[in-house]
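Visitor: Please work out how this folds:
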Amino acid sequence: MKIKNILPVTLVVLIISVLLYSLSGSGEDEAAYIASIKTEREEKNTFLKTSEESPFKDSLDTFQGLSYFDIDSRYRVKAKLEPVKNKKVVLLGTSDGKENRYLEFAHAVFEIEGAEQRLLILEVMDMGPVRGTLFLAFADETSARETYGAGRYLDVKKVPGATSIELDFNKAYNPYCAYNDQYSCPLPPPENILRVAIKAGEKNYH
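Guide: Numbering: from 1, shown residues only. Model prediction:
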């Protein structure tokens with residue numbers, strides 16, 4: 001084979017190798033992500049079944065584990081953070097008729113099902129160990145059908161100077177009052193009731 005013919009063939013082989021490596025890596029990343037979510041769910045079930053701090057502590061023998069949607073990476077989204085400039089205090093009602101105080105922090109803006117969505121992230125104001133941490137509660141079109149009617153939560157961390165945040169709805173979870181009415185759980189603010197079905201994360205407990 002002549003040298004001038006070897007170069008194009010080598011280039012094609014190199015491109016194919018890079019593509020195959022890229023696809024392989026993507027598949028490995030996806031498999032690792034799914035495995036990590038499954039591990040988190042197994043660990044939570046173990047905690048709820050064995051811990052004295054479990055909301056099922058009075059019925060541990062009958063606890064059969066939580067129910068979830070299938071893991072779907074489409075519900076792992078990168079959201080733009082839009083800080084609230086003129087922050088106001090927000091009072092959220094709770095499942096037992098009380099109120100909790102929060103401070104507006106930022107809006108998380110993202111796209112799901114081809115439409116822009118916005119969620120208000122709040123900052124805890126009450127004194128205690130969680131003061132200054134972030135709180136995100138939401139409801140969607142699955143609420144009171146496939147998921148808990150009073151909404152679900154997502155854990156988010158405060159990162160100074162961050163302009164974006166990851167929202168992984170595969171990690172959306174029920175507050176403890178979904179299992180035991182002795183707990184007091186804040187309800188989502190009205191603007192966090194999404195008009196789209198988030199078929200990810202935890203379902204109703206049966």
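Visitor: and stretch 71-82, average pLDDT?
Guide: Mean pLDDT, taken over the full extent of stretch 71-82, equals 96.
Visitor: List the buried residues for it?
Guide: Residues of stretch 71-82 classed as buried: 71, 75-77, 79, 81 (neighbour count, 16 or more other CB atoms under 10 Å). C-beta: built from backbone N, CA, C; applies to glycine.
Visitor: Need the contact partners of it.
Guide: Contacts made with stretch 71-82 from outside it, assessed by CB atoms under 8 Å, 6 or more residues apart in numbering, are listed as 30, 33-34, 37-38, 106-112, 119, 162-170, 198-201.
Visitor: For N170, give its distance to Q117.
Guide: Between N170 and Q117 the distance is 16 Å, computed by CB to CB, to the nearest Å.
Visitor: Who has more neighbours out of those two?
Guide: The neighbour comparison of N170 against Q117 (other CB atoms under 10 Å) goes to N170, with 23 against 20.
Visitor: who are the neighbours in contact with that one?
Guide: For N170, the contacting residues are 37, 69, 71-73, 75-76, 200-201, by CB under 8 Å, 6+ apart.
Visitor: quick check, it in a strand?
Guide: No: following the definition DSSP: H, G, I helix; E, B strand; the rest coil, N170 is helix and is not counted among the residues of a strand.
Visitor: okay, it: pLDDT?
Guide: Each residue has a pLDDT score; the one for N170 is 98.
Visitor: Could you tell me which of the contacts of stretch 71-82 count as buried?
Guide: Buried by 16+ other CB under 10 Å: 37, 106-108, 110, 112, 119, 165, 167-170, 198-201, out of the contacts of stretch 71-82.
Visitor: rewinding a little: could the contacts of N170 go into TSV alongside secondary structure and distance to Y183?
Guide: TSV is the format used below for these (DSSP: H, G, I helix; E, B strand; the rest coil; distance: CB to CB, whole Å):
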residue	secondary structure	distance to Y183
I37	helix	25
F69	coil	23
I71	coil	27
D72	coil	29
S73	helix	31
Y75	helix	26
R76	strand	28
A200	coil	24
G201	coil	19
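Visitor: Any idea how far apart the tips of stretch 158-174 sit?
Guide: 21 Å (CA to CA, to the nearest Å).
Visitor: Stretch 51-61 now?
Guide: 12 Å.
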